Structures are given as structure tokens and as C-alpha cells.
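> need a structure here:
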Amino acid sequence: MRTLSRFEPFRGASSLQEQINRLFNDVFERPGDESNLTSWAPAVDIFETEHELVVKADLPDVDPKDLDIRVENNI
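Residues are numbered from 1 along each chain as shown. Below you'll find the predicted structure:
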């Protein structure tokens with residue numbers, strides 16, 4: 001005698017989603033400590049005077065001569 005089993009179209013969906021997530025995590029994950037890095041942006045104060053645009057940034061250990069800051073087409 002044969003048994004009937006109920007058709008459940010989404011029964012394997014959660015495991016498929018978990019497999020896809022695992023695949024993408026394996027491919028795009030950075031090895032080692034690099035995976036714990038976050039993007040960094042310095043504290044910046046920008047203002048205009050009558051004749052200049054002033055940018056003050058907190059950049060420890062950076063020589064101002066090594067910076068290249070430009071304004072082109074108001075950008």
C-alpha cells in the first residue's frame with residue numbers, strides 16, 4: 001500500500017535561502033580581521049568666507065602637503 005504525502009511547495013524554501021546566504025557570505029566575506037573593519041570618515045568642518053572655502057579636518061599623522069582637495073564645477 002502507498003502512503004500519500006501532502007504537497008508543500010515552500011517546505012524547502014528556508015533551507016534554500018540559508019544555502020544562498022551561506023554561499024554569498026563565503027564568496028564576499030573578507031578573510032581574517034579585515035571582516036571587522038568599518039568605513040572611516042574624519043571629523044570635518046567646512047565653511048565659506050567671502051573669498052575662500054575652508055575645510056578643517058581631523059587627520060592625525062597626515063601632512064597637509066599630501067592632501068589634494070579640489071572644487072570643480074561647484075562640486
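> State the distance from the residue nearest to the spatial centre of the chain to Arg2.
Taking CA atoms, centre = their mean, the centroid of the chain lies closest to Ser39, which sits 6.8 Å from it. Applying CB to CB, to the nearest Å, the value for Ser39 to Arg2 is 59 Å. Every C-beta, even on glycine, is put in place using the N, C-alpha and C of the backbone.
> what's the next secondary structure element after the strand or helix carrying Gln19?
Using DSSP states H and E, Gln19 falls within helix 13-28. Downstream of helix 13-28, the first helix or strand assigned by DSSP H and E is strand 44-48.
> Who are the packing partners of that following strand?
Packing contacts for strand 44-48, counted by 3 or more CB pairs under 8 Å, 6 or more residues apart in numbering; DSSP states H and E, involve strand 53-57.
> Please list the residues outside the strand it packs on that contact it.
Applying CB atoms under 8 Å, 6 or more residues apart in numbering, the contact partners of strand 53-57 are Pro42, Ala43, Val44, Asp45, Ile46, Phe47, Glu48, Ile69, Val71.
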